[in-house]
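1. here's my sequence, what's the structure:
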Amino acid sequence: MTSPLPPSIELHHLQSIVRAMHAVAESDGVHATEQVMLRGFYESCQHEAGALASFDDIVATPFDAATDAAAFDTPERKAVLLQSCLLLAHADGRYSTGERACIASFAQALGVDASTLGAIEEGIADHLLQQISRISNVDALRQVADELAAK
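-> Alright, predicted model coming up:
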C-alpha cells in the first residue's frame, strides 16, 4: 500500500497534521464524517510511518500553530498541512466560517499569504468537483445530498 502523503512528510509531521485537522473539525463541532475521515486517515498512515501512538493519544494533544508550524519548513510541507485541513473541512459538505478562520490562522502561522491560501483552497475545490463529476448516477448523488442537507 502506498502512503497518502509525500515522502517529505515524516511521523512528527503526520501527527501534527492530524492534530491540525482535529482542530479544524472542532472549530464548528466535530461531525461524524469528519471523525471517520480523520481516524481513517491517521490509521492508514500509522503502520507505514511506524507510529505507536493511537489516534486518541494524538488528538489528546492540541495543535499549537505557533509551535507546530516550525516543523513545516518547506512549501510542500506547508501545502500538505493546509490541503489536509481543507479536505477535512469539506468532509461534511460545508466549509464553515469557523473552519475557514481556523485554516487561515494556520496559514498565517506557516507564513502562507492569503493569495497562496486561496490558490490551495481553489485546488482542493477543483479536486473535489472532479471526484463528483466521475459519479455516473447523478440521481443517487442528489438523493444523498438531499439527505445530508436534511440532517
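
2. quick one: contacts for Ala107?
-> 82, 113-114, 116-117 (Cβ atoms under 8 Å, 6 or more residues apart in numbering). Yep, even glycine has a C-beta here, placed from its N, CA and C like the rest.

3. now for Ala70: which residues touch it?
-> Per Cβ under 8 Å, 6+ apart, neighbours of Ala70: none.

4. ranges for the helices of this protein?
-> Secondary structure of the chain (DSSP state H): helices located at 11-26, 32-49, 55-60, 65-68, 75-89, 97-110, 114-133, 138-150.

5. tell me what the fourth one is packed against?
-> Think helix 65-68. helix 11-26, helix 97-110 (3 or more Cβ pairs under 8 Å, 6 or more residues apart in numbering; DSSP states H and E).

6. just the first one next, same as before
-> Using 3+ Cβ pairs under 8 Å, 6+ apart as the contact definition, the elements that helix 11-26 packs against are helix 32-49, helix 55-60, helix 65-68, helix 75-89, helix 97-110.

7. of those, which stretch is the most buried?
-> helix 75-89 (a mean of 21; mean count of other Cβ atoms under 10 Å).

8. for it, output the C-alpha coordinates as CSV.
-> Extracted in CSV, the C-alpha atoms of helix 75-89 (Å, rounded to 0.1, in the frame of the first residue of the first chain):
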residue,chain,number,x,y,z
PRO,A,75,6.4,25.0,0.7
GLU,A,76,5.5,21.3,0.0
ARG,A,77,5.0,20.5,3.8
LYS,A,78,3.0,23.7,4.3
ALA,A,79,0.8,22.8,1.4
VAL,A,80,0.2,19.3,2.6
LEU,A,81,-0.9,20.5,6.0
LEU,A,82,-3.3,23.1,4.6
GLN,A,83,-4.6,20.7,1.9
SER,A,84,-5.3,18.0,4.5
CYS,A,85,-7.1,20.5,6.7
LEU,A,86,-9.2,21.7,3.7
LEU,A,87,-10.2,18.2,2.7
LEU,A,88,-11.3,17.6,6.3
ALA,A,89,-13.2,20.9,6.3
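
9. right, I'll call it a day here.
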